[in-house]
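Student: Here is my input, please return the structure:
(chains A and B, ligands or ions: 2)
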Amino acid sequence: MIPNYILSNLNEARINLFRNKTRTLLTSLGIIIGITSVIILIAITNGAKSVIETQLTSLGAKTIMLKPFVRTASGQTTGRGQNFTEEELELIKSLDSVDYLAPIVKASQEVNYRSISNIIALVGSNADFAAINDWNNKSGSFITQNDVNDGTKVCVLGLTNSRRFFGAENPIGKKLRINGVPHLVIGVLEPKGLTPGGRDQDDFILLPYTSLNRLNFRPDLSNVVSVLMSARSSDELEYAKFSIKKILRETRSLKPGEDNFDISSYEGVTKRILNTTKILRILLTSIASISLIVGGIGIMNIMLVSVTERTKEIGIRITIGAKSKDIVFQFLCESALLSLIGGIVGVMLGFIISKIASTIIGWPAIVSLSSIMISFFFSGGIGVFFGIYPAFKASKLDPILAIRNE
Amino acid sequence: MSSNILLELSGINKIYKMGDLDLQVLFDVSLHIYQSDFVSIIGPSGSGKTTLLNIIACLDRATSGKYNFFGEDVNSKTNDEMSEIRNLRIGFIFQSFNLIPRHTALENVILPLHYSKKFKNENFNKLGEECLNMVGLKDRINHYPNELSGGQQQRVAIARALVTQPEIILADEPTGNLDSKTSDDIMNLLKELNKDKKTIITITHDNEVAEQANEMIRIKDGRVI
Ligand SMILES: Nc1ncnc2c1ncn2[C@@H]1O[C@H](COP(=O)(O)OP(=O)(O)O)[C@@H](O)[C@H]1O
Ligand SMILES: [Mg+2]
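Tutor: Ligands and ions are numbered 1, 2, ... in the order given. Reported below is the predicted structural model:
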């Protein structure tokens, strides 16, 4: 039976490899490091993809971001650019290709309700914030343009903060003190849960940005960290970006290349996320390929030693009827298994390191089943490839010399 | 019944090339081996006995001369075809037993079966146990070679030689490493196999052992005398 033949060869290989465990482990070190890198590499790439996907759904393909930054040619943001003015934002908002526009102001301040007190992330924006970010109210209402115009002391809670301050109570109509100033809770948002990186997306309190600016004693727009906009459709995204640039350059009398603002969209985010992981990925790919090749050569080397050590055994086998293919197969099984052991250890190590790294850096690492399959396939393949030469050498042994009585 | 010729060597020469030097080890050897023969090859050390046996065994090729094995010309066979012949038609016994040390007695015995198409669907362990039983090692099947005495190891080797049910058993000084009592046991075993119609060719440099065969081939300096 053919499976029986393969099984007995695999068993033979297992006996030989486990007889010399230290040697087996040291030999497969290259493969272990290589496969560990492959697993981490794929885990991080998958993680980056999932972050991008979340960005895509939460920001939307129509979203444009405008920031008071200067971006250099290499893509790095350097220093602050020029703050936006109400007039500029009015002009942009009046564009046909732009549907929604929401300035974003951020601050962290002490918030308390009765005896509960905490430093909370505050977000200041306007009514368009909900549409752009796809936030829906769980209960109550959202901030309105009137709230923004008047700087009303109202706030909308992310679910985490509703629970934090009010527990099971209904927070609507209650007053939270933000930096000591009472603000009326008018709504609670639907929860969005954790990001793949583990950040709680519901841990914030939303205010009209004018109210937040007043709390910060900054009545102008100098606190605006970004302006989110939504193009009318994703087809009009590029045109909208072009129009926004044109408005800003005209009002600020800028020549091309002097831009003191930064405009980006989802595509840019994707590129930047991929860029952050690029160096890591190049590094891991190099480590993986170098150690897999070095590992393969190590396997070839130890298999050649093994063939020499077992000259007599090979001679006996050939004498009693082994054909070339039998000897080749036996040694290929051994080198493949040797490499596969390295692969298995590498997968486990890669899995553990990915998980640890992901909790430390807050970046998701997704070890997929396919990456494990690829690793096994790869390590087995390397074992076979680098085992070919030693195996053929073994099969060409002259049995007479091998079994000679010494 | 001994008119049936199995092996036929005529004008066999064997020359080893050692660098520029040619070393002729066998000179114009011709002989016939009949079915159920018990042949001993005797001669001093270095006279070419092993070389001759290796050629008979289809392990080595003659430099010139004709060799018919069961009516077929061995010279025209490929290495793999010769492997197949050895696997199915020849059992090997060596002076130093040549067992694989990390395999048990049973695993050693069934090794030839792994290389055989003929036994593909058989129960290897059952065949192996039968052979070990035949050589009186029923209770040692799971022992490793280093747990067995020399005589027992040689019995394992004989069981391995028998497992593919070959017509011919070739033995190269099978008693060379054994004391005289154990040697007698092994020779008796070979004689019994011969009674079972196995053709046996054994090398020895011991006259007493050689005389137990029913035919003796004497070799000196690479020539049959
Ligand atoms: N592979 C070889 N290469 C060179 N010389 C060999 C080889 N094998 C055997 N010989 C030589 O051939 C001669 C016969 O050897 P061998 O057949 O082993 O003799 P015996 O078995 O009778 O002791 C010896 O002189 C030996 O050194
Ligand atoms: Mg000899």
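Student: Closest to the centroid, which residue in chain B?
Tutor: Centroid-nearest residue in chain B: B:L170, 1.7 Å away (criterion: Cα atoms, centre = their mean).
Student: hang on, that residue packs against B:G91?
Tutor: Yes - counting by Cβ atoms under 8 Å, B:L170 does reach B:G91; the two are 7.1 Å apart. Bear in mind the C-beta positions are built from the backbone N, C-alpha and C, glycine included.
Student: Get me the contact residues on the stretch 101-250 of chain A for ligand 1.
Tutor: Taking Cβ under 6 Å from any ligand atom as the test, the list of the stretch 101-250 of chain A residues beside ligand 1 is empty.
Student: Residue ranges in the stretch 101-250 of chain A under the pLDDT threshold?
Tutor: Within the stretch 101-250 of chain A, the ranges that satisfy pLDDT under 70 run A:196-197.
Student: Touching the lowest-mean-pLDDT helix or strand in chain B from outside, list them.
Tutor: Ranking every helix and strand in chain B by mean pLDDT, DSSP states H and E puts helix B:207-210 at the bottom, with a mean of 83. Contact with helix B:207-210 is made by B:S40, B:I42, B:T175, B:S183, B:M187, B:T202, B:T204, B:M216, as judged by Cβ atoms under 8 Å, 6 or more residues apart in numbering or on different chains.
Student: before we move on, what about stretch A:243-257?
Tutor: Counting by Cβ under 8 Å, 6+ apart, A:64, A:66, A:82, A:87-88, A:91-92, A:95, A:97-98, A:229, A:259-261, A:263 sit against stretch A:243-257.
Student: that older thread, after the least confident helix or strand of chain B comes which helix or strand?
Tutor: Downstream of helix B:207-210, the next assigned helix or strand under DSSP states H and E is strand B:215-220.
Student: So what's the model's average confidence on that next one?
Tutor: In this model, strand B:215-220 has a mean pLDDT of 94.
Student: Centre of the chain to it, how far?
Tutor: 16 Å (Cα atoms, centre = their mean, to the nearest Å).
Student: buried residues in that strand?
Tutor: Across strand B:215-220, burial judged by 16 or more other Cβ atoms under 10 Å in any protein chain shown covers B:E215, B:I217, B:I219.
Student: Hmm, B:I225 and the second one touching each other?
Tutor: Right, the one you point to is B:I217. No - contact criterion Cβ under 8 Å: B:I217 and B:I225 do not qualify, at 9.0 Å.
Student: what comes into contact with the helix or strand that contains A:E12?
Tutor: Using DSSP H and E, A:E12 falls within helix A:2-19. Residues from elsewhere that reach helix A:2-19 (Cβ under 8 Å, 6+ apart): A:T24, A:S306, A:F329, A:Q330, A:C333, A:E334, A:A336, A:L337, A:L338, A:I341, B:R102, B:H114.
Student: pretty sure A:D262 is in contact with A:R71, am I right?
Tutor: Yes - counting by Cβ under 8 Å, A:R71 is a contact partner of A:D262 at 4.6 Å.
Student: starting at the chain centroid, how far to the longest helix along chain A?
Tutor: When chain A is parsed with DSSP state H, its longest helix is helix A:266-309. Distance of helix A:266-309 from its chain centroid, counting by Cα atoms, centre = their mean, is 19 Å.
Student: that older thread, may I ask you to confirm that the residue nearest to the centre of chain B belongs to a helix?
Tutor: No - B:L170 is assigned strand when assessed by DSSP: H, G, I helix; E, B strand; the rest coil, not a helix.
Student: List the contacts of it.
Tutor: B:L53, B:I56, B:A57, B:I90, B:G91, B:F92, B:I93, B:I201, B:T202.
Student: And the residues you listed, which is closest to A:S125?
Tutor: Proximity of those to A:S125 (Cβ to Cβ) peaks at B:F92, which lies at 89.6 Å.
Student: which residues in the stretch 151-300 of chain A form strands?
Tutor: Using DSSP state E, counting those that start in this stretch, the strands of the stretch 151-300 of chain A run over A:154-157, A:175-178, A:181-189, A:205-208, A:224-231, A:262-265.
Student: Which positions in the longest one come out as buried?
Tutor: Right, strand A:181-189. Those would be A:H183, A:V185, A:I186, A:G187, A:V188, A:L189, for strand A:181-189 by 16+ other Cβ under 10 Å.
Student: Report the strands that pair with that strand, each with its relative direction.
Tutor: Applying DSSP bridges to the sheet, strand A:181-189 is found paired with strand A:137-140 (antiparallel), strand A:154-157 (parallel), strand A:175-178 (antiparallel).
Student: What lies in contact with stretch B:62-73?
Tutor: For stretch B:62-73, using Cβ under 8 Å, 6+ apart, the contacting residues are B:6-15, B:26, B:28-30, B:55-56, B:58, B:74-75, B:85, B:89.
Student: Close to ligand 1: what parts of chain B are there?
Tutor: Counting by Cβ under 6 Å from any ligand atom, chain B sits next to ligand 1 at B:Y16, B:M18, B:L23, B:V25, B:G43, B:S45, B:G46, B:S47, B:G48, B:K49, B:T50, B:T51.
Student: Show only the entries of those found in strands.
Tutor: B:Y16, B:M18, B:L23, B:V25 (DSSP state E).
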